[in-house]
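Asks: Have a look at this fold, sequence not included:
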């Protein structure tokens, strides 16, 4: 805000080289030759690497949701003999100047023999390489007697739905700076994010180093959203080059590269069926879907389709379920997670299904949902399936209660009357809703180290990471409350692998839950140590003491003797005579372990109006009601929800990565990948609820990061149907103006 | 290609004599040659606005200008907004309204809004949204940015 931030591009070292990646211009082909001679001759060019130069570096491994069959579909850091998407790294140029590196990259001459492309994940699988198909694995989840349920059904509703390819697209592109400190034999990487510790372990393994000789450093991070911070080829290349060339190596991605090289997400086609009874109660659901993974399986392995299959059931009681998810490789940018991964998709599918069930059963969409919601008395509610290696046990929830609150907040009944009279005057306006269950607080552990220094300043070192979401604030708040110190005296250090050995980073809305509780436990230890020392000095018992604003005093007396945490820290210095036999340092380490995720839940309500001529969908009103158990910092929570909503809106109405028939990407600048601006994002109403604290941690916390995004596609699709008076009109996201016009032509031909 | 030209960049009242290739963008010159890294580069296509600076008081995309085009002109960047340790009303309002999360787009929004409010202190709320829609933010959903700029506009008018 004052220009003092330190983002990846702001990091520079003396004598640094700049890396520029030469990327494949073809979606699929065999590399016949790479001629680097002319490029190498350019003054300032230090080295040019091709696949052969890094053939000894193994492909990038999976971080999450490893399942059998995926290994041979991993990506090498530079293409080995074959390219599989436009944008795939083929060569790396190292030069003394970024402009020269780019000039030289243009001079690298590629001879590639084009091969046929596979672009549709729902077509029959093709050959990935001899003996291997483009379908490496199929995810199967389910329970009960699905066929029996369909056999006994009063009716069956059936839908074909698809979700477009889009992604997180943070404002800061990726960046990485590798630096080798030969004197200490330590290899460093700056520009780390999200999961620095895991990436440290992988980089060490891939480059054949000890993990203690590999340090990753996170600076300011310009947005994460799932895509940033995963280990990508460029991260490995700058580290390998720093090591081999003996000079710091800096790589800053440009926007075109970002849009073709960083993880895409979301693209899936679902064929879903529900068996219902005469009252619209669900007897069983069957869902077959095709997940477009792009050209390689990256760090997330099967995470997104796994979550889509497991979370599709949302807040409803589904006695019988079968999901079959086909993971399919295509000649497009590889895919990974994006905010609410697998849930934005499956909530769209499930809530479209609920609207269809309502129409089939002749009841309102609200009533159809109400009849199928899991009751709070049934909590905790165990679904006989798992995801991300944890059993799905919905820990707590007042689903119907939140639906009531949301409808009341938006004034649902009055709204229906208003919309009816506007429609009578010829307007195309409607309201819709989506209900969802999120997941958060993924373990299995988190730890922090808390130190009070002799000046009274508190340092918290955590293995969590910040992607710009306000981690420091929340962690400091929890520590301030527990330890009894002023918030401003606390400094939170994260994303530095040389400061703490272990850490899981920031993903899956886990930080506030996991790191928050670890912080509370660590702060309790510091508090214990401080009050024990103080009790001795003040000649009283520990129980009599409290800490306010960093001062320890007897709680019974407002006045009287006190001692500050700073003084206690000085008493605990190694040289202190008063320390006695205590371990030196006013420090405490907090570890929190958890084998289960917890499940926040929410309701989105949208009011939209449609423009017949342009196909524009205007969002007039939008409400997100979200129960996160306990909101540590409501302003940050609202900020997360508002930002998440804007991204959901983008994926619902504007953003899509499309390809031509040769696999050439069509959206490579911000002029043709359309993200919402201040004009498109309406004022948002946010209702944060704390009715169902999580029983899985003492503060009752659940994560807040993804609920703003989750049901936007679902709620707006439902509202568009309502505006048209045609249930099931929307079957595909995003609903671009072109698609909206096609729908209007189809369902209201007489009105054009 | 590598022939360099001497230019004088006047950034926040301070003179920087630098020697740059004619093709060097103003954004790169401000960041790399003058060390003012508060100006961020988000797209290099002139769309996202993260690199917005004021040139002679007018908001401009520094990624779309060459450094040589700014020779001798008064350039203002985010580093020049606060005066003597006191935040500019816009910076203060962004903080108070939670108008930023990751902070990457913030310098561009601050400079855009500064340029507009200095020229049009009475700009309507509606027009302000139009102006702000020329920059992109991926974290906030914009509402708090709009709120912050409106709040600062009010303060700047009354002071």
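Replies: That came in fine, so what should we check first? These numbers come from a predicted model, not from an experiment.

Asks: In the chain, where is pLDDT below threshold?
Replies: No chain specified, so I'll use chain A. Applying pLDDT under 70 to chain A picks out residues A:468-469, A:751-752.

Asks: should've been chain B
Replies: B:1-2.

Asks: which helices and strands sit right next to whichever strand or helix holds residue A:32?
Replies: Assessed by DSSP states H and E, residue A:32 sits inside strand A:29-35. If you count contacts as 3 or more CB pairs under 8 Å, 6 or more residues apart in numbering or on different chains; DSSP states H and E, strand A:29-35 packs onto strand A:82-83, strand A:89-95, strand A:109-114. Every C-beta, even on glycine, is put in place using the N, C-alpha and C of the backbone.

Asks: Pairing partners for the longest one, with directions?
Replies: For strand A:89-95, the pairing partners within the sheet under DSSP bridges are strand A:17-23 (antiparallel), strand A:45-50 (antiparallel).

Asks: Most tightly packed of the ones you listed?
Replies: Of all those, strand A:17-23 carries the top mean neighbour count, a mean of 24, counting by mean count of other CB atoms under 10 Å in any protein chain shown.

Asks: Need the residues that contact stretch A:417-427.
Replies: A:429-431, A:607, A:609, A:722-723, A:725 (CB atoms under 8 Å, 6 or more residues apart in numbering or on different chains).

Asks: Show the buried residues in the residues you listed.
Replies: A:429-431, A:607, A:609, A:722-723 (16 or more other CB atoms under 10 Å in any protein chain shown).

Asks: Can I get the residues you listed in JSON lines including secondary structure and distance to chain B?
Replies: Shown next, in JSON lines, are the buried ones among the contacts of stretch A:417-427 (DSSP: H, G, I helix; E, B strand; the rest coil; distance: CB to the nearest CB, whole Å):
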{"residue": "A:429", "secondary structure": "strand", "distance to chain B": "22"}
{"residue": "A:430", "secondary structure": "strand", "distance to chain B": "23"}
{"residue": "A:431", "secondary structure": "strand", "distance to chain B": "21"}
{"residue": "A:607", "secondary structure": "strand", "distance to chain B": "17"}
{"residue": "A:609", "secondary structure": "strand", "distance to chain B": "18"}
{"residue": "A:722", "secondary structure": "helix", "distance to chain B": "24"}
{"residue": "A:723", "secondary structure": "helix", "distance to chain B": "23"}
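
Asks: how does chain B divide into domains?
Replies: B:5-80, B:89-158 (the TED database).

Asks: Reformat those domains as a markdown table; add distance to chain A and mean neighbour count.
Replies: Shown next, in a markdown table, are the domains of chain B (distance: least, CB to the nearest CB, whole Å; neighbours: other CB atoms under 10 Å in any protein chain shown):
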| stretch | distance to chain A | mean neighbour count |
| --- | --- | --- |
| domain B:5-80 | 2 | 20 |
| domain B:89-158 | 3 | 21 |
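
Asks: Break down the stretch 401-550 of chain A into its strands, ranges please.
Replies: Using DSSP state E, counting those that start in this stretch, the strands of the stretch 401-550 of chain A run over A:429-437, A:445-452, A:458-462, A:490-494, A:545-548.

Asks: for the stretch 201-350 of chain A, that is, sorry about that
Replies: Using DSSP E, counting those that start in this stretch, strands in the stretch 201-350 of chain A cover A:214-217, A:249-252, A:268-276, A:282-294, A:321-329.

Asks: I'd like to check the angle between the last one and strand A:282-294, please.
Replies: With axes from the mean of the first three to the mean of the last three CA atoms, to 10 degrees applied, the angle from strand A:321-329 to strand A:282-294 works out at 10 degrees.

Asks: distance between strand A:321-329 and the chain's centre?
Replies: 21 Å (CA atoms, centre = their mean, to the nearest Å).

Asks: Give me the distance between residue A:83 and chain B.
Replies: Distance, residue A:83 to chain B, using CB to the nearest CB, to the nearest Å: 25 Å.

Asks: Kindly state the beta-bridge partners for that residue.
Replies: Bridge pairing for residue A:83 - DSSP bridges - gives residue A:29.

Asks: Number of residues surrounding it?
Replies: Counted by other CB atoms under 10 Å in any protein chain shown, the residues lying close to residue A:83 total 27.

Asks: thought it was touching residue A:34?
Replies: No. Applying CB atoms under 8 Å as the test, residue A:83 and residue A:34 come out as separate, 11.0 Å apart.

Asks: shared neighbours, those two?
Replies: Contacts common to residue A:83 and residue A:34, judged by CB under 8 Å, 6+ apart, are residue A:90.

Asks: Give me the distance from the lengthiest helix in chain B to the chain's centre.
Replies: When chain B is parsed with DSSP state H, its longest helix is helix B:143-158. Remark: helix B:143-158 is offset 17 Å from the chain centroid, using CA atoms, centre = their mean.

Asks: Please list all residues in contact with residue A:507.
Replies: With CB under 8 Å, 6+ apart, residue A:507 has these contacts: A:194-195, A:226, A:337, A:442.

Asks: mind putting those in a markdown table, distance to residue A:276 and neighbour count included?
Replies: Shown next, in a markdown table, are these (distance: CB to CB, whole Å; neighbours: other CB atoms under 10 Å in any protein chain shown):
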| residue | distance to residue A:276 | neighbour count |
| --- | --- | --- |
| A:194 | 42 | 26 |
| A:195 | 42 | 27 |
| A:226 | 34 | 26 |
| A:337 | 32 | 25 |
| A:442 | 33 | 23 |
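
Asks: okay, the residues you listed in TSV with distance to chain B next?
Replies: As requested, those are exported to TSV (distance: CB to the nearest CB, whole Å):
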residue	distance to chain B
A:194	12
A:195	17
A:226	12
A:337	16
A:442	22
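
Asks: all strands in chain B, in order from the N-terminus.
Replies: With strands called from DSSP state E, chain B shows them at B:5-11, B:14-20, B:52-55, B:58-61, B:74-76.

Asks: these two touch, right, residue A:311 and residue A:388?
Replies: No. Here residue A:311 lies out of contact with residue A:388, judged by CB under 8 Å, at a distance of 10.2 Å.

Asks: neighbour-wise, which of the two wins?
Replies: residue A:311 (26 against 18).

Asks: counting contacts, what elements does the helix or strand harbouring residue A:606 pack onto?
Replies: According to DSSP H and E, residue A:606 maps onto strand A:601-610. On a contact count with 3+ CB pairs under 8 Å, 6+ apart, strand A:601-610 meets helix A:399-410, helix A:412-424, strand A:429-437, strand A:617-627, helix A:707-710, helix A:712-724.

Asks: Next, the buried residues of that strand.
Replies: A:601-610.

Asks: How many residues are close by the residue in chain A that chain B sits nearest to?
Replies: As assessed by CB to the nearest CB, chain B sits closest to residue A:3 within chain A, at 2.2 Å. Taking other CB under 10 Å as the criterion, the count of residues near residue A:3 is 20.

Asks: Could you measure from it over to residue B:76?
Replies: Distance of residue A:3 to residue B:76, given as CB to CB, to the nearest Å: 11 Å.

Asks: Ok, residue A:636 next?
Replies: 31 Å.

Asks: which SS state does the residue of chain A closest to chain B fall under?
Replies: Following DSSP: H, G, I helix; E, B strand; the rest coil, residue A:3 is assigned to coil.

Asks: now the one 3 residues further on
Replies: What three-state DSSP gives for residue A:6 is coil.

Asks: Is it correct that it is in contact with residue A:220?
Replies: Yes. Residue A:6 lies in contact with residue A:220 (CB under 8 Å); the separation is 5.4 Å.

Asks: okay, the two: which has more neighbours?
Replies: When neighbours are counted by other CB under 10 Å, residue A:6 and residue A:220 differ, and residue A:220 comes out ahead with 18 against 13.

Asks: residue contacts, that one?
Replies: Contacts of residue A:220 by CB under 8 Å, 6+ apart are A:5-7, A:468, B:102-104.

Asks: Just grab the bridge partners of residue A:275 for me.
Replies: Beta-bridge pairing for residue A:275 (DSSP bridges): residue A:156, residue A:284.
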